[in-house]
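Peer 1: Here is my input; please provide its structure:
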Amino acid sequence: MRTTILTISSVIALSCCMLTSCDSPVGQGAAWGAATGAIIGGAATGNVRAASIGAAAGAAAGALTGKIIQENQAAQFGPPPPGGYPYARWAGRPGFFYSPYTDRIYDLRGVPPGGLTRDVDTGRLFRRP
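Peer 2: Numbering: from 1, shown residues only. Model prediction:
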């Protein structure tokens with residue numbers, strides 16, 4: 001019984017993370033916090049109520065952490081442009097992308113999807129798809 005509850009709560013939590021399309025650090029933090037909280041709550045007690053309480057607590061903590069990250073990014077990079085930062089175009093090789101401002105190819109293998117990169121020619125920021 002305990003294994004079944006843990007398995008179900010783990011599947012639900014991971015499904016939520018995979019299906020989320022949150023683009024902001026606040027949304028991503030809330031999603032990962034909820035998943036982690038559900039797994040820990042379910043594993044610690046073995047019942048669904050504790051998993052849901054853990055998910056709620058984790059979502060709140062993750063959203064707060066994401067908000068702090070978002071504020072730090074705004075302080076570092078300045079406010080985003082009105083339409084948001086443009087995305088790079090794939091250059092045909094895994095991890096390599098064209099800048100949306102120039103035709104320069106950037107190696108973005110170490111940059112997470114959605115991460116910001118500065119174009120060295122224009123000094124403007126763009127996102128990795």
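Peer 1: which helix is the longest one in the protein?
Peer 2: helix 48-77 (DSSP state H).
Peer 1: Mind giving me the packing neighbours of that one?
Peer 2: Here helix 48-77 is seen to pack against helix 2-19, helix 25-45 when contacts are counted using 3 or more C-beta pairs under 8 Å, 6 or more residues apart in numbering; DSSP states H and E. Bear in mind the C-beta positions are built from the backbone N, C-alpha and C, glycine included.
Peer 1: If we use 10 Å, what do you get?
Peer 2: Packing partners of helix 48-77 (3 or more C-beta pairs under 10 Å, 6 or more residues apart in numbering; DSSP states H and E): helix 2-19, helix 25-45, strand 116-118.
Peer 1: quick one, it and helix 25-45 angle?
Peer 2: Using axes from the mean of the first three to the mean of the last three C-alpha atoms, to 10 degrees, the direction of helix 48-77 lies 150 degrees away from that of helix 25-45.
Peer 1: Under the pLDDT cut-off, which ranges of the chain? List them.
Peer 2: 1-3, 5-7, 9-26, 70, 73-75, 77 (pLDDT under 70).
Peer 1: how near is Ile68 to Gly92?
Peer 2: Separation of Ile68 from Gly92 (C-beta to C-beta, to the nearest Å): 37 Å.
Peer 1: Name the next helix or strand following the longest helix of the chain along the chain.
Peer 2: Per DSSP states H and E, the first helix or strand lying C-terminal to helix 48-77 is strand 89-90.
Peer 1: Please identify the pairing partners of that following strand and their relative orientation?
Peer 2: With DSSP bridges as the test, strand 89-90 is paired with strand 96-98 (antiparallel).
Peer 1: Using PDB, list the CA coordinates for stretch 60-78.
Peer 2: Output in PDB follows, covering the C-alpha atoms of stretch 60-78 (Å, rounded to 0.1, in the frame of the first residue of the first chain):
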ATOM      1  CA  ALA A  60       5.000  28.000  -2.000                       C
ATOM      2  CA  ALA A  61       8.700  27.700  -1.200                       C
ATOM      3  CA  GLY A  62       9.600  27.200  -4.900                       C
ATOM      4  CA  ALA A  63       7.600  30.200  -5.900                       C
ATOM      5  CA  LEU A  64       9.300  32.400  -3.400                       C
ATOM      6  CA  THR A  65      12.700  31.100  -4.500                       C
ATOM      7  CA  GLY A  66      11.800  31.700  -8.100                       C
ATOM      8  CA  LYS A  67      10.700  35.200  -7.300                       C
ATOM      9  CA  ILE A  68      14.100  35.900  -5.700                       C
ATOM     10  CA  ILE A  69      15.800  34.500  -8.800                       C
ATOM     11  CA  GLN A  70      13.700  36.600 -11.100                       C
ATOM     12  CA  GLU A  71      14.500  39.800  -9.100                       C
ATOM     13  CA  ASN A  72      18.200  39.000  -9.200                       C
ATOM     14  CA  GLN A  73      18.000  38.500 -13.000                       C
ATOM     15  CA  ALA A  74      16.200  41.800 -13.400                       C
ATOM     16  CA  ALA A  75      18.900  43.600 -11.300                       C
ATOM     17  CA  GLN A  76      21.600  42.000 -13.400                       C
ATOM     18  CA  PHE A  77      20.200  42.300 -16.900                       C
ATOM     19  CA  GLY A  78      17.700  45.200 -16.400                       C
END
